[in-house]
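# for reference, the sequence and a predicted model appear below.
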Amino acid sequence: MKKTILPTLLITVLVGLRVQADPTITTNYIKIGNAQIPELTIDGVEGFQDTPLEPGSQWHVHDPARPQPPVVTPGATFSQMAPPPSDAIVLFDGKDLSQWRDKGNGGPAQWRVEDGVAVSAKGDIQTVQKFGDIQLHLEFREPTPPRGDGQGRGNSGVYFMGLYEVQVLDCYDAKTYADGMTGALYGQHPPLANACRPPGEWQTYDIVFTAPRFDADGKVTSPAYVTVILNGVVIQNHQAYRGASNWRSLGSYSAHDAELPLALQYHSNPVSFRNIWVRKAPVVNEP
Ligand code: MG
């Protein structure tokens, strides 16, 4: 008996080790202009390794080999339909998008509003008002049944100052490169946890954003920072942006105004939004 069990166990362990040490990698070339970009799939995660290395890190921008953060199941209803505080500026209360404009042409926002919900369509939208440091509350709902995968699964985004993205994506039981997940500082910092709710359920973002500061020569004196709570789970903790969010690049700063519109992304997927309000949030209390 021993003679057959032991070799079988040994083979099983060795096969297991081999599978762990040798992930499945496939390459697909994407044509962009005249360039052929190699997109890798590593253990079911699509991404890139021909991109720059994240500074101080072993991972490339959008690296599919970068570890996925742990899954945390959120509590039932954290901050859902949270009423705005007295000094909040309500950006969407379910009635209309009068506080928003089409980001591309400055005309009326082209998203659909129905049953108290705004659904992304046609193009990015941005606020009429401009903001610097803010506290933001926003709720989103991913399409159900889910369609697409990776970056094509319920993609939208919150763009602070129209430049610095906190990703909106459906990562419930779905993988993408870690620096592009729900709550990622896109292309820069993965979230600390995957705290997504299933598609079709409302999810909440409570975010504190600090605008970057520039000196008279346009040099950054303080980067943009963000703290993100997704469904009651801290997934970014005073994390600095390396610059404006970008695809396949590190991101960099260009001096800009102290206040700029807040934008929401349309990324070819219909994502629903409700109950959006902000407070202007000073960084330091007056003595
Ligand atoms: Mg996005």
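That came through, no problem. Everything numeric here is computed off the predicted structure, so don't read it as measured data. Numbering: from 1, shown residues only.

# contacts, neighbours, all on C-alpha from now
OK.

# residues of the stretch 51-200 of the chain that sit close to the ion?
156, 157, 167 (C-alpha under 5 Å from the ion).

# one more time with 6 Å, if that's ok
For the stretch 51-200 of the chain, the contact set with the ion under C-alpha under 6 Å from the ion comprises 155, 156, 157, 167, 168.

# by neighbour count, which of the residues you listed wins?
Highest neighbour count within these: residue 156, with 28 neighbours (other C-alpha atoms under 10 Å).

# got a pLDDT number for that one?
On pLDDT, residue 156 comes in at 98.

# low-confidence ranges, the stretch 151-287 of the chain, go.
Counting by pLDDT under 70, the low-confidence segments of the stretch 151-287 of the chain come to 286-287.

# rewinding a little: can you add secondary structure and give the residues of the stretch 51-200 of the chain next to the ion back as JSON lines?
Listed next are those as JSON lines, based on DSSP: H, G, I helix; E, B strand; the rest coil:
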{"residue": "155", "secondary structure": "coil"}
{"residue": "156", "secondary structure": "strand"}
{"residue": "157", "secondary structure": "strand"}
{"residue": "167", "secondary structure": "strand"}
{"residue": "168", "secondary structure": "strand"}
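
# centre-most residue in this structure?
What sits nearest the mean C-alpha location of the chain, by C-alpha atoms, centre = their mean, is residue 167, with 1.3 Å.

# for that residue, list each beta-bridge partner.
residue 157 (DSSP bridges).

# I figured it hits residue 154, correct?
No - with contact defined as C-alpha atoms under 8 Å, residue 167 does not reach residue 154; the gap is 10.5 Å.

# contacts for stretch 244-251, please.
48, 51-52, 54, 61-62, 163-165, 185-188, 242-243, 252-253 (C-alpha atoms under 8 Å, 6 or more residues apart in numbering).

# can it be said to contact the ion?
No - between stretch 244-251 and the ion, judged by C-alpha under 6 Å from the ion, nothing touches; the nearest distance is 9.8 Å.

# ends of that stretch, what's the gap?
End-to-end distance of stretch 244-251: 5 Å, with C-alpha to C-alpha, to the nearest Å as the criterion.

# what residues of that stretch count as buried?
By 16 or more other C-alpha atoms under 10 Å, the buried positions in stretch 244-251 come out as 244, 245, 246, 248, 249, 250, 251.

# for stretch 201-208, same thing?
So stretch 201-208, judged by 16+ other C-alpha under 10 Å, has buried residues 202, 203, 204, 205, 206, 207, 208.

# for the fifth one, give me its contacts.
Meaning residue 206. 135, 136, 137, 138, 228, 229, 230 are the contacts of residue 206 under C-alpha under 8 Å, 6+ apart.

# who are the packing partners of the helix or strand residue 101 falls within?
In this assignment (DSSP states H and E), residue 101 forms part of strand 100-102. On a contact count with 3 or more C-alpha pairs under 8 Å, 6 or more residues apart in numbering; DSSP states H and E, strand 100-102 meets strand 125-131.

# that older thread, so how far is residue 237 from the residue nearest to the centre of the chain?
15 Å.

# before we move on, back to that, tell me which two of the residues of the stretch 51-200 of the chain next to the ion sit farthest apart.
Greatest spacing in these, by C-alpha to C-alpha: 155 and 167 (7.7 Å).

# tally of neighbours for whatever residue of the stretch 1-150 of the chain ends up closest to the ion?
In the stretch 1-150 of the chain, the residue that lies nearest the ion is residue 124 (10.5 Å; C-alpha to the ion). Applying other C-alpha under 10 Å, we find 22 residues neighbouring residue 124.
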